[in-house]
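Undergrad: Just need the structure, nothing else, for what follows:
(one chain, ligands or ions: 1)
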Amino acid sequence: MTRRGRIVLKLVAWAACLAPLAWLVWRAATDDLGANPISFVTNTLGDWTLRILLASLAMTPLGVVLGAAWPITLRRLLGLFAFAYACLHFAVWIALDFFFDWARMGEDIVKRPYITLGMAALLTLVPLAVTSTSGMVRRLGGRAWRRLHRLAYAAGVLAALHFIWLAKVGRTDQYWHAAVLALLLGVRLVHRARRASRRRAETRPAEKSPAGPLRGTVVSGDR
Ligand code: HEM
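TA: Predicted structure coming up:
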């Protein structure tokens, strides 16, 4: 993809990620947040945190399925937007639900399992956001960085469970979100298994071949 193509792609992603926030600000400015504005704002921000997190997790499987590199360009951007929305969602809970009453917040985190899960999802995203810069990738080394960033899937699972736990009877969208996450995890696992078996297949003929390194060693050792 050309440099211009990458810039356009990122601009579209920025616009798509900022649109829900702009829509929420517009509804607040026009006094159109419904009968329970705090709940409306909390839930809207929670919904978009999960959607953008799933979108960021979809980039690697999408790259695999399409055989294209462009989805990877968007992975970090989407991950950081998911983190930003999670922080706003959390900030609303701190400021509007609990009015900065830290003791009661602590109790709520311990008492209500869905809050514990939400908190765990947010905390799992923190090291990913902190290490998202190119400098941190260099400092950690590619291998360690990739291993750390598998935590994004743990964050996805915790967030999906947070939603399943809090959803009222009669709702189904929490399961759709969990199903999308399971599909993304599935594609990734199949891809990893295929890559591992391809690697094994590539090393096997070299070991068996008469010109292979093993046979060479034995021959020279015999000499
Ligand atoms: C990655 C982190 C998180 C994600 C993806 C997330 C996602 C969600 C989702 C999808 C909802 C449901 C929205 C709906 O009903 O349509 C929600 C609601 C909610 N979340 Fe989170 N959340 C996260 C972290 C947190 C944290 C850290 C807290 C507080 C400590 C929290 C507190 C709440 C509350 C109070 C609700 C509203 C529950 C209700 O309506 O009764 N969430 N969140």
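
Undergrad: Quick check on Lys168: phi, psi?
TA: With angles defined as degrees, to the nearest 10, Lys168 sits at phi -80, psi 160.

Undergrad: ugh, wrong one, Val169
TA: phi -60, psi 140.

Undergrad: neighbours of it, just the number please.
TA: Per other C-beta atoms under 10 Å, the neighbour tally for Val169 reads 4. (Each C-beta comes from the backbone N, C-alpha and C, glycine too.)

Undergrad: list the contacts for it?
TA: If a contact means C-beta atoms under 8 Å, 6 or more residues apart in numbering, then Val169 has no contacts.

Undergrad: What residues does the protein have near the ligand?
TA: Counting by C-beta under 6 Å from any ligand atom, the chain comes close to the ligand at 39, 42-43, 46-47, 49-50, 53, 86, 89-90, 93, 115, 118-119, 121-122, 125, 155, 159, 162-163, 166.

Undergrad: which among those residues end up buried?
TA: Burial by neighbour count, judged by 16 or more other C-beta atoms under 10 Å, picks out 42, 46-47, 49-50, 53, 86, 89-90, 93, 115, 118-119, 121-122, 125, 155, 159, 162-163, 166 from the residues of the chain next to the ligand.

Undergrad: quick one on the thing from earlier: point out the ones among the residues of the chain next to the ligand that are inside helices.
TA: Mapping the residues of the chain next to the ligand onto helices (DSSP state H) picks out 39, 42-43, 46-47, 49-50, 53, 86, 89-90, 115, 118-119, 121-122, 125, 155, 159, 162-163, 166.

Undergrad: Could you report the neighbour count for the nearest residue to Met1 once chain neighbours are set aside?
TA: Spatial nearest neighbour of Met1, excluding adjacent residues (C-beta to C-beta, 6 or more residues apart in numbering): Trp70 at 5.1 Å. Other residues lying near Trp70 total 14 when counted by other C-beta under 10 Å.

Undergrad: give the contact list for Trp70.
TA: Met1, Gly5, Arg6, Leu9, Gly63.

Undergrad: change it to 10 Å
TA: Met1, Gly5, Arg6, Leu9, Met59, Leu62, Gly63 (C-beta atoms under 10 Å, 6 or more residues apart in numbering).
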